[in-house]
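>>> 3D model of this:
(one chain, ligands or ions: 1)
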Amino acid sequence: MAEVKKAATNQETLMARAKAIIPGGVSSPVRAFGSVGGTPVFVARAQGPRVFDIDGADYVDLVCSWGPALLGHAHPDVVAAVQAAAAKGLSFGAPTSAEVDLATLIRDRVPAAERVRFVSTGTEATMTAIRLARGATGRDLIIKFAGLYHGHSDALLAAAGSGLATAGLPGSAGVTAATAAETIVLPYNDVPALEAAFARQGERIAAVITEAVPANMGVVPPAPGFNEAIRRVTSEHGALMIFDEVMTGFRVGPAGWWGVEAGVENPLYTPDIFTFGKVVGGGMPLAALGGRAEVMQLLAPVGPVYQAGTLSGNPLATAAGIATLQLADDKVYAHVDRRSAELRQAVGEALGEAGVPHVVQSAGSLFSVFFRDEPVLNYDDAKAQNTAAFAAFFHGMLDQRVALPPSAFEAWFLSAAHDDEAMSRILEALPVAAQAAAAAQ
Ligand SMILES: *Cc1c(COP(=O)(O)O)cnc(C)c1O
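Okay, the predicted model is just below:
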């Protein structure tokens, strides 16, 4: 009998076309489903808690654009703000009052961001923060922690978690040895290792950069006092502390993780420079760095540290950011917190009942699930999980029209638009997906 060949789906056909013109068919690696297998879902549109594929099928979305969609997709007020801005011109290459308004909204929430500069991506924000720290201190070395992701600039790609972890890569080709040698990579949550690095080369270290809460190797909360220890050690040695809140900023609370952990009034610790992205642009390409005036004023045109951007502070992106921050009130954060707690509990129960080793880790509403028995404290722990079980779980959910991040090393994201209906679909899908994970062990 002749073999019956299954017709390619529309998604498969499109992926073949995409691969023939875009490397891997995607504009950012983790979207390619490399570690979970199968064909990525090509999204045609999104609304509230749902994304719709090119065939019109809807999925409850737990990716939320990897964080930005705090209010849910295509919030009508945000869309209206962007449309109104678009009608007035797409880009001017000149200052606007909207930039002043957005910077003011940021500083109202995070007063330690005394001055704010806009860029277009989180990568640019951290890259600029590093240059600024080097310019401010006249030193060359930086410290980052293994498994933490700060975007894809050369200096920050060592042991960088996220897409690299998903692809099983230690770093990136194309980064020179000289650049790599200027980045010291330390294990996360390890104060003695930090102190030892400063004891050895403290007078050469410009800055320590850390994610406020590491969430790009899965969610690994800082041990109590760890962020404070970074502040103490950097201050003792005249180095700067760069707090990367691209993921956490305006997502885990009105003032990001700094607000949650340190507190805005009389904070326990205050970094010199913050970086923001994702939520602050409301789904548009916008990011920012902010910090102590004395440091920020070293940026051109006031100071000698150069930084620029044709599309920086773009009026459409700025409009989306303003609308998003204005709408992100205490009710929004309380809703996301509550949904996150419900989902964490339900995932834990489903995997537990199916006998799948797992740990659910969270910091505020940010959480992820590791497919292993033991708590994850650092990158080595995160890598020691059963990614095959995750892949089976992922596809078990996707088959039931729930879209998880396609990697075992990413946080899951909820939004203010995740209503009862969306939650029931997720909760009903969990036991079946957990069985699939159990079968794949
Ligand atoms: C996403 C992310 C970045 C990079 O932001 P892009 O806009 O993707 O360049 C940097 N730092 C952290 C913590 C992130 O989560």
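>>> in the protein, what residue lies closest to the ligand?
Closest residue of the chain to the ligand, Cβ to the nearest ligand atom: Gly122 (2.1 Å). Glycine gets a C-beta too; all of them are placed from N, C-alpha and C.
>>> right, and that residue touches Val280 too?
No - counting by Cβ atoms under 8 Å, Gly122 sits too far from Val280 to count as a contact (9.5 Å).
>>> so between those two, which is more surrounded?
Each of Gly122 and Val280 has its neighbours counted (other Cβ atoms under 10 Å); Val280 has more, 35 against 29.
>>> for the more buried one, give me its contacts.
Val280 sits next to 102, 106, 249-250, 286-288, 321, 324-325 when contact means Cβ atoms under 8 Å, 6 or more residues apart in numbering.
>>> need phi/psi at it.
phi -60, psi -20 (degrees, to the nearest 10).
>>> could you do Phe370 as well?
phi -100, psi 130.
>>> just give the number of residues close to it.
Neighbours around Phe370, by other Cβ under 10 Å: 25.
>>> what do you get for Pro95?
Close neighbours of Pro95, defined as other Cβ under 10 Å, add up to 9.
>>> list the contacts for it?
Gly313.
>>> report pLDDT for it.
Predicted confidence (pLDDT) for Pro95: 98.
>>> can you check Ser162 too?
pLDDT, read off for Ser162, is 66.
>>> of the contacts of Val280 - the most surrounded one?
Gly321 (34 neighbours).
>>> contacts only, for that one.
102, 105, 280-282, 284, 286.
>>> can you tell me the closest non-neighbouring residue to the residue nearest the centre of the chain?
Note on the chain: the residue nearest the mean C-alpha position is Met247, at 3.6 Å, using Cα atoms, centre = their mean. Nearest residue to Met247, sequence neighbours excluded (Cβ to Cβ, 6 or more residues apart in numbering): Ala215, at 4.9 Å.
>>> how near is that neighbour to Pro254?
According to Cβ to Cβ, to the nearest Å, Ala215 and Pro254 sit 18 Å apart.
>>> SS state for Met15?
On the three-state scheme (DSSP: H, G, I helix; E, B strand; the rest coil), Met15 is labelled helix.
>>> A helix includes Ala180, no?
Yes - assessed with three-state DSSP, Ala180 lies in a helix.
>>> what number of residues are in the vicinity of it?
Neighbours of Ala180 using other Cβ under 10 Å come to 15.
>>> so who does it touch?
158, 171.
>>> per-residue pLDDT of it, please?
pLDDT for Ala180: 88.
>>> re the thing from before, for Ala215 and Pro254, work out which one has more neighbours and name it.
Counted by other Cβ under 10 Å, Ala215 and Pro254 do not tie: Ala215 has more neighbours, with 31 against 17.
>>> residues contacting that one?
With Cβ under 8 Å, 6+ apart, Ala215 has these contacts: 247-248, 363, 366, 368, 410-411.
>>> could you redo the last one with a cut-off of 6 Å?
Neighbouring residues of Ala215 by Cβ atoms under 6 Å, 6 or more residues apart in numbering: 247, 366, 411.
>>> need the three-state assignment for the first one.
Under the three-state scheme (three-state DSSP), the conformation of Met247 reads as coil.
>>> just Phe118 next, same as before
strand.
>>> returning to what we had before: how close does the residue nearest to the centre of the chain get to Arg109?
Distance of Met247 to Arg109, computed by Cβ to Cβ: 16 Å.
>>> so which strand or helix has the residue lying closest to Pro315 once chain neighbours are set aside?
Excluding its sequence neighbours, the residue lying closest to Pro315 (Cβ to Cβ, 6+ apart) is Ala85, at 4.9 Å. Secondary structure from DSSP states H and E places Ala85 in helix 76-87.
>>> also Phe274?
Counting by DSSP H and E, Phe274 is part of strand 273-276.
>>> Phe250 now?
Per DSSP H and E, there is no helix or strand for Phe250.
>>> which residues touch it?
Taking Cβ under 6 Å, 6+ apart, one finds 279-280 in contact with Phe250.
>>> what do you get if the cut-off is 10 Å, keeping everything else the same?
By Cβ atoms under 10 Å, 6 or more residues apart in numbering, the residues touching Phe250 are 67-68, 70, 105-106, 109-110, 256, 259, 276-280, 282, 321, 324-325, 328, 333.
>>> beyond the strand holding Phe274, next helix or strand please.
Heading C-terminal from strand 273-276 (DSSP H and E), you reach strand 287-291.
>>> the stretch 151-300 of the chain: helices as residue ranges?
162-167, 177-181, 191-201, 226-236, 256-257, 293-296 (DSSP state H, counting those that start in this stretch).
>>> need those in CSV (columns: distance to Asp373).
Formatted as CSV, these follow (distance: least, Cβ to Cβ, whole Å):
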stretch, distance to Asp373
helix 162-167, 20
helix 177-181, 34
helix 191-201, 25
helix 226-236, 23
helix 256-257, 27
helix 293-296, 43
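>>> need the winner for burial among these.
helix 256-257 (a mean of 28; mean count of other Cβ atoms under 10 Å).
>>> which residues does it contact?
109-110, 113, 211-213, 215, 221-222, 227, 243-251, 262, 264, 274, 276, 279-280, 363-364, 366.
>>> please repeat the previous calculation with a cut-off of 6 Å.
Contacts of helix 256-257 (Cβ under 6 Å, 6+ apart): 212-213, 245, 248-249.
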